[in-house]
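Engineer: predicted model follows, preceded by the sequence.
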Amino acid sequence: MAGKIVSIHSFRGGTGKSNVTANLAAQVAMTGMRVGVVDTDIQSPGIHVLFGLDEQKMGKTLNDYLHGKAAIREVGFSVGENTGEGEGRAQLAGRNIFLFPSSIRGAEISQILQEGIDFNRLNEGLQTAVAEFDLDYLFIDTHPGLNEETLLSIATSDVLLIILRPDNQDLQGTAVTVDVARSLDVPNLFLLVNKALPKYNNFEVIKSDIGAKFDAAVTSVLPLSFDMAENASNDLFSLRFPDHEWSKALKSIVPFILNAK
Amino acid sequence: MSGDVLQKIRETNFFKELSPDASAAVAAKAAMRKFAPGEFMMRKGDPADSCFVILEGHLKVVTNDAKGDEIIINKVGPGESIGELALVDERPRSAGVIALEDVEALELTKDAFFELLDQRVDVSLGVMRGFSHRLRFSTTYIEKVIDWSQKTAEGDYSFLEQTQPIKNTAGSDDDKAAQLLSAFYSMVRKVKAREEDLKQTVERLSFEIDQERRKREFEEITGTEFYNKLKQQAKELRQKRMGQS
Ligand SMILES: Nc1ncnc2c1ncn2[C@@H]1O[C@H](COP(=O)(O)OP(=O)(O)O)[C@@H](O)[C@H]1O
Ligand SMILES: [Mg+2]
């Protein structure tokens, strides 16, 4: 069976998309699956930090691939062989998890924004990554909102996980995203609530209220947590603090991914 | 002395371990006293030179608050003894006792009490048994309160169902331990009820989606040529991948 493309999206930035994507990908890799993570948030890349990759360590990037300067094989960074610092990340040693980072060089970012992305090439890159790295799951950390590159990743994904915070702006934006995803026939559409305030003392109620409003499955409700904020994307929180409420709620998403058709 | 009087003596916690014969000996040494409503049986700070067994009528046990106003700390009635602890520990009266109605009581002076202890081993033994009984009783209750406190701290309220609520007897101070237990029990019940209330007032997410705006934005995105091409490509791509798997 061909690997599945799992896009993680949110209508607005700062929702926790990168943290959720990295932790979820890591948890799926921990089950023994072969996992890839692509940062298509070309304008504001961020997920590399969670995998301990900095500018010096970063080799070829997605930008190089898109400009025809590198093959996708060269872009894939094996996290399992380079876990680096971080107690949480260290647990990924020997696991099959590959990061396809976006360039963090200002000049390269503005270049691609000016020239635009060649969608066919990006699409081909994703398919090639799945094939060449023999991936079971390829997670895509998308750019927030509904610009063209995001629409492309939504269109090509088998699973779309939309993250929202329980507030009005996110809910309004999520409604449009859900409609678009349905119109693009995404086979598995899931919602995820992050940064839920402790005043919502019954997460099950949030889950069913939001689920009913969008007629979609809410995989989990992750609490707003000082510990998460404190971690400041320095490590993979759910691996480092496996018994934390945030981590437990995150891990409950894994079966939704593994059981998606 | 009548059988009624002996009965009342043996109803008191202090003398309840006495045999009929020993209580008759106590009665023989005691004097019958009467108090009119409002009359002091004893005053706070007085030397404790006798104890009483109440036969008829009720009295209030009072002390003064910081401002000097009287506060009633207890009410006592027939079959209860008063002032007996002071006989043994020789401390002055810790509270005043005032008749609320016509009261009849047996007074046993300290001298008569010690004479009795001296002469009759059965009375000594009975009084000692009374003390140890009381001690044991209190210890059991205190152990219970400790056990319940620990359970409550852990959120385990199962003992509420397993335990019969104890009547809150505002009786003699022998029941203080029982009162503590009872007060503790009802406190935990209230805490549990409050906790359940809190759980039930679930904060709901109040949100309204602006459906018109939703529709407008959807149409803006999907109305482009780019979008239609993308939709078509995505469809082909999926079919191709389906074919592969
Ligand atoms: N549940 C949470 N509680 C507290 N802080 C969080 C939570 N989830 C994410 N964060 C923090 O929010 C910030 C944005 O997270 P990030 O994953 O970069 O979001 P995005 O990729 O959507 O912009 C980070 O500083 C992260 O540590
Ligand atoms: Mg991000």
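Structural biologist: Sure, I can see it. Numbering: from 1, shown residues only, chains lettered A, B, ... in the order given. Ligands and ions are numbered 1, 2, ... in the order given.
Engineer: switch to C-alpha atoms for all contacts and neighbour counts from now on
Structural biologist: Will do.
Engineer: report how many residues lie close to residue 158.
Structural biologist: Just so you know, I chose chain A. A:Asp158: 22 surrounding residues under other Cα atoms under 10 Å in any protein chain shown.
Engineer: look at chain B instead
Structural biologist: Neighbour tally, B:Ser158, other Cα under 10 Å: 11.
Engineer: OK, contacts around it?
Structural biologist: By Cα atoms under 8 Å, 6 or more residues apart in numbering or on different chains, B:Ser158 lies in contact with nothing.
Engineer: close to ligand 2: what parts of chain B are there?
Structural biologist: Taking Cα under 5 Å from the ion, no part of chain B reaches ligand 2.
Engineer: helices along chain B, start to end?
Structural biologist: Here chain B has its helices, by DSSP state H, at B:3-11, B:20-29, B:84-89, B:110-119, B:121-153, B:158-162, B:176-200, B:211-222, B:225-244.
Engineer: closest one to A:Ala232 among those?
Structural biologist: For the helices of chain B, proximity to A:Ala232 was assessed by Cα to Cα; helix B:176-200 is nearest, at 31.9 Å.
Engineer: where does the chain have low pLDDT?
Structural biologist: The chain I'm using is chain A. For chain A, residues meeting the criterion pLDDT under 70 lie at A:1.
Engineer: could you do chain B instead?
Structural biologist: In the prediction, chain B carries residues with pLDDT under 70 at positions B:1-2, B:66, B:163-178, B:200, B:202, B:244-245.
Engineer: now do the closest residue to ligand 1 within it against B:Asp49, distance only.
Structural biologist: Of all residues in chain B, B:Leu205 sits closest to ligand 1, with a separation of 17.2 Å (Cα to the nearest ligand atom). Applying Cα to Cα, to the nearest Å, one obtains 71 Å for the distance of B:Leu205 from B:Asp49.
Engineer: how about the residues of the stretch 151-261 of chain A near ligand 1?
Structural biologist: The interface of the stretch 151-261 of chain A toward ligand 1, taken as Cα under 6 Å from any ligand atom, is made up of A:Asn194, A:Lys195, A:Leu222, A:Pro223, A:Leu224, A:Ser225, A:Phe226, A:Met228, A:Ala229, A:Ala232, A:Ser233.
Engineer: wait, the fifth one sits on A:Leu197?
Structural biologist: It refers to A:Leu224. Yes - contact criterion Cα atoms under 8 Å: A:Leu224 and A:Leu197 qualify, at 5.5 Å.
Engineer: and the two? Which one has more around it.
Structural biologist: In this view A:Leu224 and A:Leu197 are compared by other Cα under 10 Å, and A:Leu224 has more residues nearby, 17 against 14.
Engineer: so what's the residue count around the closest residue to the more buried one other than its chain neighbours?
Structural biologist: Counting by Cα to Cα, 6 or more residues apart in numbering or on different chains, A:Lys195 is the residue found nearest to A:Leu224 once chain neighbours are left out, at 3.6 Å. A:Lys195 has 19 neighbours, counted by other Cα under 10 Å.
Engineer: so which strand or helix has A:Lys195?
Structural biologist: Counting by DSSP states H and E, the element that carries A:Lys195 is strand A:188-196.
Engineer: ditto for A:Arg73
Structural biologist: Secondary structure from DSSP H and E places A:Arg73 in helix A:72-75.
Engineer: what's in contact with the helix or strand following that helix?
Structural biologist: The helix or strand immediately downstream of helix A:72-75 is strand A:77-78, counting by DSSP H and E. Here strand A:77-78 makes contact (Cα under 8 Å, 6+ apart) with A:Asn96, A:Ile97, A:Phe98, A:Leu99, A:Phe100, A:Pro101.
Engineer: of those, keep whichever come out buried.
Structural biologist: Among the contacts of strand A:77-78, those classed as buried by 16 or more other Cα atoms under 10 Å in any protein chain shown are A:Asn96, A:Ile97, A:Phe98, A:Leu99, A:Phe100, A:Pro101.
Engineer: out of those, who's nearest ligand 2?
Structural biologist: Top of the list for closeness to ligand 2, among the buried ones among the contacts of strand A:77-78 and by Cα to the ion, is A:Pro101 at 11.9 Å.
Engineer: the closest one touches A:Asp41, doesn't it?
Structural biologist: No - using Cα under 8 Å, A:Pro101 makes no contact with A:Asp41, being 9.4 Å away.
Engineer: quick one: the strands in the stretch 101-250 of chain A?
Structural biologist: Secondary structure of the stretch 101-250 of chain A (DSSP state E, counting those that start in this stretch): strands at A:137-141, A:159-164, A:188-196, A:217-223.
Engineer: tell me the contacts of the residue of chain B found nearest ligand 2?
Structural biologist: Chain B approaches ligand 2 most closely through B:Ile221 (22.6 Å), counting by Cα to the ion. Applying Cα under 8 Å, 6+ apart, we find B:Ile221 in contact with A:Leu146, B:Tyr227.
Engineer: gap between it and B:Asn228?
Structural biologist: B:Ile221 sits 10 Å away from B:Asn228, going by Cα to Cα.
Engineer: dump the residue contacts of the residue nearest to A:Ser103 when sequence neighbours are not counted.
Structural biologist: Spatially, and ignoring its direct neighbours in sequence, A:Ser103 is nearest to A:Thr61 (5.5 Å; Cα to Cα, 6+ apart). With contact taken as Cα under 8 Å, 6+ apart, A:Thr61 is in contact with A:Val75, A:Phe100, A:Pro101, A:Ser102, A:Ser103.
Engineer: phi, psi of A:Thr61?
Structural biologist: The phi/psi pair for A:Thr61 (degrees, to the nearest 10) reads phi -120, psi 170.
Engineer: so B:Leu100 touches B:Leu59, yeah?
Structural biologist: Yes - applying Cα under 8 Å as the test, B:Leu100 and B:Leu59 come out as touching, 4.9 Å apart.
Engineer: which single residue in chain A comes nearest to ligand 2?
Structural biologist: For chain A and ligand 2, the shortest gap (Cα to the ion) falls at A:Ser18, measuring 4.2 Å.
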